[in-house]
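In: Next one to model:
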Amino acid sequence: MTMPFVVPRPAELEPATWPAYGLTTLTVLPLVWRRRAPLAVLLAILAASTLYKLALEGPGQPLPYTGLVSVYTIAVLSPPWKRLVTVALLVVAVPASVWLNTQSARELTFSLFVFGAAYVFGRLQEARQREHRIEAERAATRERARIAREMHDILSHAVSLMVVQAEAGPVAVRAAPERAEAAFEAISATGRDAMAQLRQMLGVLREGQASGEPAPREPQPDLAGVPELVERVRAGGLAVTYATEGGVRSLPAATGASAYRIVQEALTNVVKHAQAHTVDIRLAHEEGALRVTVTDDGRGPRAGSGGHGLVGIRERAAAHGGTAAMGPGPGGRGFEVRVLLPVPSAAEVGA
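Out: Residues are numbered from 1 along each chain as shown. From the prediction side, this is the model:
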């Protein structure tokens, strides 16, 4: 719109009248509904602009701003058929508007360019929004897979230990009552620990619910929890040795949690499938990497080569850019899980 009350109009131009201002306002007002009905808004703007040109012949403006905004909105929000109708409408309306105004090829070229640019910018914005939605869906899928993997590890490990300890309980009651008491205490401790970890995982899922109450959050387990994990497995009667090598250093939270879950899942496979008597756990802190090795003296690869557990170990290692290998232990006896996790230096973590 022109603003004669702010910037005086030159004498050779027609004066601005209140009806002209009122009708020009009608070309702006429909933009309030541009997101609900963008094509209808564009038609209303074209109708008001045509009436303004034919009925009043008032002072014009250098750019059809409201039309550009509505075309951009259609390009962003509307389905293909509405976009096609809009393009066809512009092919007719823009030349007609130029013919009524200056009948200049220069103005026609400029008008087609600005409306085409508004449409192209709208399509680019829609593509960017679609890419953001796809990435958000992928992130949600990855998070659901991570939570499912965590819950599988927690439940599989806890239930396996409780079953082994419960099966050993009746034998221990007859042969060594003091060992039976320790087995039942181990069952109770394993169950409590599993419940605590499940509450933690479900607390993450409950975050953001309508209740508004913050969900309980606790740190994910890391290598500091491995000794306690080893003690629980020992309580079930399996001889477990645990050792660390190299200069022990703090790990990023995600790497530490993955290393803990890898050890946990490897022990679960030993308890469930290997029928082993001993298992050896070694964590070697190397330059730029953590090497996790879990070796048992059980039945070998056939008993533990399938299932979700070993797949989960490979996925955890791959998520950190590491590697995982499973196969016969030293000398072809037992089963061994070997995982290498890259560990960034302190400078890289800070960066």
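
In: rest of the way, CA atoms for contacts and neighbours
Out: OK.

In: Show me where the stretch 101-250 of the chain has its helices.
Out: Secondary structure of the stretch 101-250 of the chain (DSSP state H, counting those that start in this stretch): helices at 105-175, 177-206, 226-235.

In: What helix or strand is residue 339 located in?
Out: strand 335-342 (DSSP states H and E).

In: Which neighbours in the sheet does that strand have, and how are they oriented?
Out: When pairing is defined by DSSP bridges, strand 335-342 lines up against strand 289-296 (antiparallel), strand 323-328 (antiparallel).

In: separation between residue 196 and residue 119?
Out: Residue 196 sits 55 Å away from residue 119, going by C-alpha to C-alpha, to the nearest Å.

In: leaving aside the residues next to it on the chain, what's closest to residue 256?
Out: residue 222 (4.5 Å; C-alpha to C-alpha, 6 or more residues apart in numbering).

In: Show the backbone phi and psi for the one you found.
Out: According to degrees, to the nearest 10, the main-chain angles of residue 222 amount to phi -140, psi -160.

In: and it, how many neighbours?
Out: Look at residue 222: counted by other C-alpha atoms under 10 Å, it has 19 neighbours.

In: give the contact list for it.
Out: 253, 256, 257, 258, 259, 260 (C-alpha atoms under 8 Å, 6 or more residues apart in numbering).

In: confidence score at the nearest residue to residue 23 once chain neighbours are set aside?
Out: Distances taken as C-alpha to C-alpha, 6+ apart place residue 52 nearest to residue 23, at 6.3 Å, with adjacent residues excluded. pLDDT for residue 52: 73.

In: Quick one: neighbours of residue 52, just the number.
Out: Residue 52: 22 neighbours (other C-alpha under 10 Å).

In: neighbour count winner among residue 196 and residue 119?
Out: Per other C-alpha under 10 Å, whichever of residue 196 and residue 119 has more neighbours is residue 119, with 24 against 13.

In: Okay, the more buried one and residue 75: tell me how far apart.
Out: 6 Å.

In: quick one: contacts of the strand holding residue 339?
Out: For strand 335-342, using C-alpha under 8 Å, 6+ apart, the contacting residues are 255, 266, 274, 288-301, 304, 317, 320-329.

In: go again using 7 Å as the cut-off
Out: Under the criterion C-alpha atoms under 7 Å, 6 or more residues apart in numbering, residues 288-298, 300-301, 317, 320-329 lie in contact with strand 335-342.

In: again with stretch 35-47
Out: Residues contacting stretch 35-47 (C-alpha under 7 Å, 6+ apart): 27, 30, 31, 33, 34, 67, 70, 73, 74, 82.

In: any weak-confidence spans in the stretch 251-351 of the chain?
Out: 301-309, 345-351 (pLDDT under 70).

In: With that, I have no additional questions.
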